[in-house]
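S.K.: need the 3D shape of this:
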Amino acid sequence: MTDQFSSVEPLTYQSSVEEPSPLAWCWFSSPRAIVDRDAPEGPMILAGAVSGKSSTSSGDIVILWMNLKTGQTGSRSLHANFEEDDHNDPALMIRPDGRYLAVYAKHNTDTLLRWRLSTEPHDPTAWQPERTLDVGAQMTYANVYRQSDRTFCLSRAINWDPTVVVSTDDGGSWSVAGRMLTFNGPGQRPYPRYVQDDAGDVHLITTEAHPHRWENGIGYGVIRDGRLMDADGTTLVQDIGVRHGDPADVRSLTTVFETNSRIDGDLLTRAWTVDIVAVDDRPVAIVQARHEDDRRTHRFLYCQLLDETWHVESLAHAGGYFYAGEWDYTGLAAIDPTDPNRVLVSTTVDPETGRHRDRYGIFAGTRRGDAHWSWEPVAVSEDRDFRRPILIGTEDPVALWMTGEYRSYRDWETTVECCPSPF
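M.R.: Predicted coordinates for the structure are as follows:
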């Protein structure tokens with residue numbers, strides 16, 4: 001590993017006295033990691049993950065934490081032997097009373113939304129018993145955001161569409177509101193990514209479907225005061241938190257990226273959502289696309305909403321895919337939520353030199369204006385991979401990533417590392 005940033009700390013989970021369990025996460029539940037700035041002993045980060053196979057457990061839903069002032073770390077299982085599938089990582093929220101909410105679901109194998117509340121404010125070590133809600137459709141993913149006096153959980157459920165489950169008591173109980181978005185009939189599945197800004201608006205980017213099945217573009221919407229709107233303020237769903245009529249078609253959203261576009265001369269198609277932040281209430285996103293529709297070579301694209309129009313530029317080569325069958329699993333990327341001109345990318349192509357590598361490494365990029373980026377290695381090695389970075393906003397950004405062998409979404413030997421201030 002590069003010694004450029006030497007303060008890397010592992011975040012570990014042990015289900016018993018054995019060695020720490022492997023840990024992984026998917027990128028379609030959010031927030032996967034949060035900062036509790038009001039923790040009494042100093043700011044604390046919390047992250048959700050799923051454990052891999054070990055001698056005593058498999059597929060535990062796990063909460064990891066680290067105190068940024070003291071360096072103390074810890075972990076807790078919320079549901080042992082849940083399901084060994086990284087799609088099940090929990091979404092996390094801090095309630096107004098300081099207690100934590102964790103929401104999670106299985107990957108299309110039952111119809112239950114599950115959640116737990118911490119027992120005391122700012123304490124991740126003790127939790128109330130798990131509760132469930134049968135939503136009447138197979139569940140996948142959880143994205144949790146509080147807006148005014150309601151908390152929304154945005155999951156894939158009814159018709160495989162983005163479906164809203166709502167709480168009026170900060171996650172103590174839930175009810176199903178209905179579908180928010182849809183595309184092209186049964187079986188298609190939009191892939192949204194969400195982020196909440198300081199004003200409370202929830203911004204989203206989404207595909208029409210899975211890149212296996214569709215030559216995706218990317219659309220944008222915003223949830224403001226419970227209404228789903230496009231970039232110019234046109235209401236698409238009047239109130240996502242109540243039972244309503246038909247969901248909005250994803251094609252009614254504001255276009256971020258149109259498939260088969262050329263950027264810097266490259267033909268790009270089959271896009272997928274990667275990351276979105278909102279700084280000063282302005283959304284910035286990273287998406288990926290296949291270059292020349294070749295699953296062996298992808299590009300990361302940097303997207304900014306300026307005057308109700310999205311501007312897209314090339315960011316970095318993303319390399320190929322992790323394993324056969326998931327042709328669009330790349331190393332992913334993350335934007336600094338305190339400064340959108342700073343990003344992390346995980347790639348097999350050095351963004352500074354263009355040199356191809358055998359392993360996925362993480363590189364920090366800084367935008368110098370006019371779409372020019374300078375790059376520095378953060379975590380690179382000749383014998384292990386670094387993938388799926390997360391950047392968490394504090395006074396200085398904190399990075400998390402997965403390192404180790406990742407064979408599929410149901411088979412991994414990866415661990416989690418934390419790197420304070422990678423910029």
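S.K.: low pLDDT regions in this structure?
M.R.: For the chain, the stretches flagged by pLDDT under 70 are 1-7, 16-18, 55.
S.K.: mind listing the helices for it?
M.R.: Ranges of helices in the chain, per DSSP state H: none exist.
S.K.: Asp385 and Trp27, how far apart?
M.R.: 16 Å (C-beta to C-beta, to the nearest Å). For glycine as for every other residue, the C-beta is placed from the backbone atoms N, C-alpha and C.
S.K.: settle it for me: which of the two has more neighbours?
M.R.: Comparing Asp385 with Trp27 by other C-beta atoms under 10 Å, the one with more neighbours is Asp385, at 25 against 21.
S.K.: and Gly187, how many residues sit next to it?
M.R.: Neighbourhood size, Gly187 [other C-beta under 10 Å]: 10.
S.K.: could you pull up the residues touching the nearest residue to it once chain neighbours are set aside?
M.R.: Excluding the flanking residues, the one nearest Gly187 by C-beta to C-beta, 6 or more residues apart in numbering is Trp160, at 6.4 Å. For Trp160, the contact set (C-beta atoms under 8 Å, 6 or more residues apart in numbering) comprises Gln138, Pro186, Gly187, Gln188, Arg189.
S.K.: cool, and His203?
M.R.: Contact partners of His203, counting by C-beta under 8 Å, 6+ apart, are Tyr194, Val195, Gln196, Asp197, Tyr220, Gly221, Val222, Ile223, Ile276, Ala278, Pro283.
S.K.: the nearest residue to the fourth one once chain neighbours are set aside and Arg262: what is the separation?
M.R.: Residue nearest to Asp197 in three dimensions, not counting chain neighbours: Ala278, with 3.6 Å by C-beta to C-beta, 6+ apart. When C-beta to C-beta is the yardstick, Ala278 and Arg262 sit 28 Å from each other.
S.K.: same question for Pro90.
M.R.: Taking C-beta to C-beta, one finds Pro90 at 40 Å from Arg262.
S.K.: quick one: His244 and Gly178, what's the gap?
M.R.: Distance of His244 to Gly178, computed by C-beta to C-beta: 6 Å.
S.K.: before we move on, what about Tyr194?
M.R.: Per C-beta to C-beta, Tyr194 is found 17 Å from Gly178.
S.K.: residues contacting the nearest residue to Thr132 once chain neighbours are set aside?
M.R.: Counting by C-beta to C-beta, 6+ apart, the nearest residue to Thr132 once its immediate chain neighbours are dropped is Leu112, at 4.6 Å. Contact analysis of Leu112 by C-beta under 8 Å, 6+ apart lists Ala105, Lys106, Thr132, Leu133, Asp134, Val135, Met139.
S.K.: can you put those in CSV and add distance to Leu305 and neighbour count?
M.R.: Shown next, in CSV, are those (distance: C-beta to C-beta, whole Å; neighbours: other C-beta atoms under 10 Å):
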residue, distance to Leu305, neighbour count
Ala105, 30, 31
Lys106, 34, 19
Thr132, 37, 13
Leu133, 34, 18
Asp134, 38, 11
Val135, 32, 21
Met139, 30, 28
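S.K.: among these, which are located in strands?
M.R.: Secondary structure from DSSP state E places Thr132, Leu133, Asp134 of the contacts of Leu112 in strands.
S.K.: what's across from the last one in the sheet?
M.R.: Just to be clear, that refers to Asp134. Beta bridges link Asp134 to Leu112, judged by DSSP bridges.
S.K.: surely it and Thr111 touch.
M.R.: Yes - shown here, Asp134 and Thr111 form a contact pair, counting by C-beta atoms under 8 Å, at 5.3 Å.
S.K.: which residues are in contact with each of the two?
M.R.: With C-beta under 8 Å, 6+ apart as the test, Asp134 and Thr111 reach no residue in common.
S.K.: what is the burial count for the spatially closest residue to Ser408 that is not a sequence neighbour?
M.R.: Leaving out its chain neighbours, the residue that sits closest to Ser408 by C-beta to C-beta, 6+ apart is Tyr323, at 5.9 Å. Neighbour count for Tyr323, taken as other C-beta under 10 Å: 12.
S.K.: how close does Tyr323 sit to Tyr406?
M.R.: For Tyr323, the distance to Tyr406 (C-beta to C-beta) stands at 8 Å.
S.K.: tell me the bridge partners for the residue nearest to Ser408.
M.R.: Bridge pairing for Tyr323 - DSSP bridges - gives Glu326.
S.K.: tell me who's in contact with it.
M.R.: Tyr323 touches Tyr329, Arg407, Ser408, counting by C-beta under 8 Å, 6+ apart.
S.K.: without its sequence neighbours, what residue ends up closest to the second one?
M.R.: Once flanking residues are discounted, Arg407 sits nearest to Tyr323: 6.4 Å by C-beta to C-beta, 6+ apart.
S.K.: against Val165, how distant is Arg243?
M.R.: Look at Arg243 and Val165: by C-beta to C-beta, they are 12 Å apart.
S.K.: neighbour count for those two, which is higher?
M.R.: Set side by side, Arg243 and Val165 show more neighbours around Val165, with 25 against 11, by other C-beta under 10 Å.
S.K.: in this structure the more buried one contacts Arg114, no?
M.R.: No - using C-beta under 8 Å as the test, Val165 is too far from Arg114 to be in contact (11.4 Å).
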